[in-house]
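J.: Sequence and predicted structure below; questions after.
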Amino acid sequence: MADEVKTMRKALSAAVIAVLWLAAAPGRADVASGWQAFLDGDYDTAVAELEPAAQAGDATAQYYLGVLYDHGDGVTRNDLTAAEWYEKAASQGHRDAQFKLGLFYYTGGGQSAETTAIRRDPKTAARWFTPAAEAGHPMASYLLCRLVDEGRWVERDLDRALSLCRAAANHGVSGAQYNTGLLLVEQSADRESWTEAYTWFLLAKRTRYPGAKQNLDVVAKWLNEADIIRAEAAADAWQPKN
């Protein structure tokens, strides 16, 4: 689990950096130029442009400044400081900041120094994933699904977990596709649910998600040929939501 979440955090951070400029269009020129400086590798300019706007309460600037401290670009890396900026933005409803703050608490900060590390706190992670998931953040939905399904830090609710995982699965999150299949099989023995589960396991298998093939084979034993043809057709026609 520890290795999985560390790998997940690294991959998600890289993905966030790749799409941030397209995903959020800052209204303030200093915020826009600051983030462009970051993308250009001019970190000193990025900090100089973003920090005043962040201090003035601009949620987008606060989020971007959190990313700088998260990655140690132009500043000394400090998870606590990154979390503080993420929280300022998250408290203003910034969806990506809510997710990133939740991710900090889901995985732990990843640094060894006690003064800069964030302790893993899944209950707090769930608190921040919730508004991000409600705002349509796929990975927030998936990770919150896992917490709700596990039921150790938040109340276990299989219907809610399925709804969250299905939402993320529809956006193409492989792990959510796999977990949606598991939840469908766990919650119901009816043919429709297992046929849908087959579709999700098949989609997860196509991305080589671990365990998907084995579960696909198990579900196949309980379906007839018509069910499998229908499930495969659904998988072939599936397109991720934007």
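T.: Received it, and whenever you're ready, just let me know what you need.

J.: can you pull the pLDDT of Ala135?
T.: You'll see Ala135 listed with a pLDDT of 97.

J.: Could you do Asp121 as well?
T.: Confidence for Asp121, expressed as pLDDT, is 93.

J.: now it: how far from Tyr105?
T.: 4 Å (C-beta to C-beta, to the nearest Å). For the C-beta atoms, the positions are set from N, CA and C on the backbone; glycine is no exception.

J.: Going along the chain, name the helices of the protein.
T.: For the chain, helices defined by DSSP state H occupy the ranges 2-23, 29-39, 43-55, 59-71, 79-91, 95-107, 122-134, 138-150, 158-169, 174-187, 191-206, 212-220, 225-237.

J.: Tell me the gap between the last one and the middle of its chain.
T.: Averaging C-alpha positions (C-alpha atoms, centre = their mean, to the nearest Å) puts helix 225-237 28 Å from its chain's average.

J.: Can you give the contact residues for that helix?
T.: Outside helix 225-237, the residues that touch it by C-beta atoms under 8 Å, 6 or more residues apart in numbering are 191, 194-196, 198-199, 202-203, 206, 220, 223.

J.: now the residue most central in space within the chain: how far from Ala53?
T.: Closest to where the C-alpha atoms of the chain average out (C-alpha atoms, centre = their mean) is Met139, at 2.2 Å. Distance of Met139 to Ala53, given as C-beta to C-beta: 26 Å.

J.: On the pLDDT front, check Ser188 for me.
T.: Note for Ser188: predicted pLDDT of 86.

J.: err, Gly41, not the other one
T.: 91.

J.: cool, Thr115 as well?
T.: pLDDT for Thr115: 56.

J.: again with Lys88
T.: Reported pLDDT at Lys88 in the predicted model: 98.

J.: next one: the one 5 residues further on
T.: Among the per-residue scores, Gly93 shows a pLDDT of 97.

J.: Pull the number of nearby residues for Leu223.
T.: Leu223 sits with 17 neighbouring residues when counted by other C-beta atoms under 10 Å.

J.: wait, what's in contact with it?
T.: So Leu223 contacts 191, 194-195, 198, 231 (C-beta under 8 Å, 6+ apart).

J.: Tyr178 now?
T.: Tyr178 touches 200-201, 204, 209, 211-212, 215, counting by C-beta under 8 Å, 6+ apart.

J.: Dump the contacts of Leu223 to a markdown table, plus distance to Asp79.
T.: Shown next, in a markdown table, are the contacts of Leu223 (distance: C-beta to C-beta, whole Å):
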| residue | distance to Asp79 |
| --- | --- |
| Arg191 | 48 |
| Trp194 | 43 |
| Thr195 | 44 |
| Tyr198 | 41 |
| Ala231 | 43 |
